[in-house]
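Engineer: Sequence first, then the predicted structure, then my questions.
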Amino acid sequence: MKIVMLGAPGAGKGTQAKMIAEKYSIPHVSTGDIFRANIKNGTELGKEAKSYMDKGELVPDELTVRILLDRVAQDDCKNGYVLDGFPRTIPQAEVLDAELTKMGDKIDFAINVEVPDENIVRRMSGRRACLKCGATYHIVHIPPVKEGICDKCGSELVLRDDDKEETVKNRLAVYHEQTQPLIDFYDKKGVLKEVDGTVDSKDVFAAITGILG
Ligand code: ADP
Ligand code: AMP
C-alpha cells in the first residue's frame with residue numbers, strides 16, 4: 001500500500017503517518033525528518049536544506065526528489081510506504097508519478113488532513129519534537145509523560161526552529177501557493193480521501209483506518 005499524506009504544516013500528517021506505519025507495517029517516510037537528521041549530523045545536504053527550512057521555504061525540488069527517490073528505492077519500501085511531507089509541489093508529484101508508472105505502480109491513497117489556518121499557528125507553537133527519534137508531541141493535546149522528555153527514547157524535546165510564529169505564517173503561505181494544488185492533482189487521479197483533522201488524533205486515525213481498511 002502506497003500512501004501520500006496531504007495537509008497544511010501542523011495538520012497532523014506526521015502524527016497520523018506514524019500510526020499508519022505501525023498498523024500496516026510499512027515505513028514512515030518523512031522528507032522533513034530526513035533533512036533534520038542531516039542537519040543534526042552536519043552534512044552538506046543538511047547545511048543546504050537548513051538555509052531554506054529556517055525561512056519557512058521549500059527545499060528545491062531537484063534536491064528533495066533525489067533524496068526521496070533514494071529512500072523509496074530501499075528494500076523496506078518494497079511493499080509500500082506512507083509519505084509525509086512529500087510531494088509538496090506539482091513537479092515533485094509528477095516525478096513520483098512517472099517513477100511509479102515506470103514500475104507499473106501507483107499511489108493508492110492520498111489522504112488530506114483538513115485543518116483551518118486559524119488552528120495551525122496554535123498547534124505549531126505547542127509542538128515539541130524529539131530530534132533523536134522523530135517523535136512529536138503537543139504540550140496540551142498530546143503531552144509526553146514527563147515534561148520536555150521523549151517517551152520513546154528519553155531525549156530532550158525541542159521547539160523546532162521553523163515552528164516560531166513568523167516562520168509558520170510563511171510556511172502556511174507557501175503551503176497555499178505550492179502544495180494545496182496537489183489536492184486537485186490526486187483528486188483527478190481518483191485517489192483523494194479527505195479527513196477532518198480538527199478532532200482528537202485518535203478519531204482522525206479511526207477515520208483513516210476506515211478508509212484504508
Ligand atoms: P505535520 O506533520 O502535519 O506538520 P504534526 O503531526 O507534527 O503535523 O502535528 C502538529 C502538532 O499538532 C503536533 O504538536 C502534534 O502533537 C499536534 N497534533 C497532531 N494531531 C492533533 C490533533 N488531532 N489534535 C490536536 N493536536 C494534534
Ligand atoms: P516538515 O517536517 O514536513 O514540516 O518539513 C519541514 C521543512 O522541510 C519544510 O518547511 C521544508 O522547508 C522542508 N521540506 C520537507 N519536505 C519537503 C519537500 N517535499 N519539498 C520541499 N521542502 C521540503
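Structural biologist: It's in. Ligands and ions are numbered 1, 2, ... in the order given.
Engineer: which residues of the chain fall in strands?
Structural biologist: Counting by DSSP state E, the segments of the chain that form strands are 2-6, 28-30, 81-84, 109-114, 127-130, 136-138, 157-158, 192-196.
Engineer: can I get the ones you listed in TSV with mean neighbour count, distance to ligand 2 and mean pLDDT?
Structural biologist: C-beta here means a position set from N, CA and C on the backbone, and glycine is covered the same way. Putting those into TSV (neighbours: other C-beta atoms under 10 Å; distance: least, C-beta to the nearest ligand atom, whole Å; pLDDT from 0 to 100) gives the following:
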stretch	mean neighbour count	distance to ligand 2	mean pLDDT
strand 2-6	25	9	98
strand 28-30	22	6	98
strand 81-84	24	7	98
strand 109-114	21	12	98
strand 127-130	21	9	95
strand 136-138	19	9	96
strand 157-158	18	13	96
strand 192-196	17	18	98
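Engineer: can you give me the helices in this protein?
Structural biologist: Counting by DSSP state H, the chain forms helices over residues 13-24, 31-40, 44-53, 61-72, 90-102, 117-126, 165-174, 181-188, 201-212, given from the N-terminal end onward.
Engineer: could those helices go into TSV alongside mean pLDDT, distance to ligand 2 and mean neighbour count?
Structural biologist: Listed next are these as TSV, based on pLDDT from 0 to 100; distance: least, C-beta to the nearest ligand atom, whole Å; neighbours: other C-beta atoms under 10 Å:
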stretch	mean pLDDT	distance to ligand 2	mean neighbour count
helix 13-24	98	7	20
helix 31-40	96	2	19
helix 44-53	97	4	16
helix 61-72	97	4	16
helix 90-102	98	6	15
helix 117-126	91	9	16
helix 165-174	94	5	16
helix 181-188	98	10	15
helix 201-212	98	17	15
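Engineer: Out of the ones you listed, the one nearest Lys152 is which?
Structural biologist: With C-beta to C-beta, the closest approach to Lys152 among the helices of the chain belongs to helix 13-24: 10.2 Å.
Engineer: does that closest one come close to ligand 1?
Structural biologist: Yes. With C-beta under 6 Å from any ligand atom as the threshold, helix 13-24 lies in contact with ligand 1, specifically through 13-15.
Engineer: ok, now stretch 73-82?
Structural biologist: No. No part of stretch 73-82 sits near ligand 1 under the criterion C-beta under 6 Å from any ligand atom; the closest distance found is 11.6 Å.
Engineer: List the buried residues for that stretch?
Structural biologist: Neighbour-count burial for stretch 73-82, with 16 or more other C-beta atoms under 10 Å as criterion, is recorded at 80-82.
Engineer: re the thing from before, pipe the helices of the chain into CSV and attach distance to Lys2 per row.
Structural biologist: What follows is these, written out as CSV (distance: least, C-beta to C-beta, whole Å):
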stretch, distance to Lys2
helix 13-24, 11
helix 31-40, 15
helix 44-53, 24
helix 61-72, 9
helix 90-102, 7
helix 117-126, 27
helix 165-174, 25
helix 181-188, 12
helix 201-212, 11
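Engineer: Let me know how buried Ser155 is, in neighbour terms.
Structural biologist: As a burial measure, the neighbour count of Ser155 was computed by other C-beta atoms under 10 Å and equals 14.
Engineer: nope, Ile139 is what I was after
Structural biologist: Applying the criterion other C-beta under 10 Å, we find 15 residues in the vicinity of Ile139.
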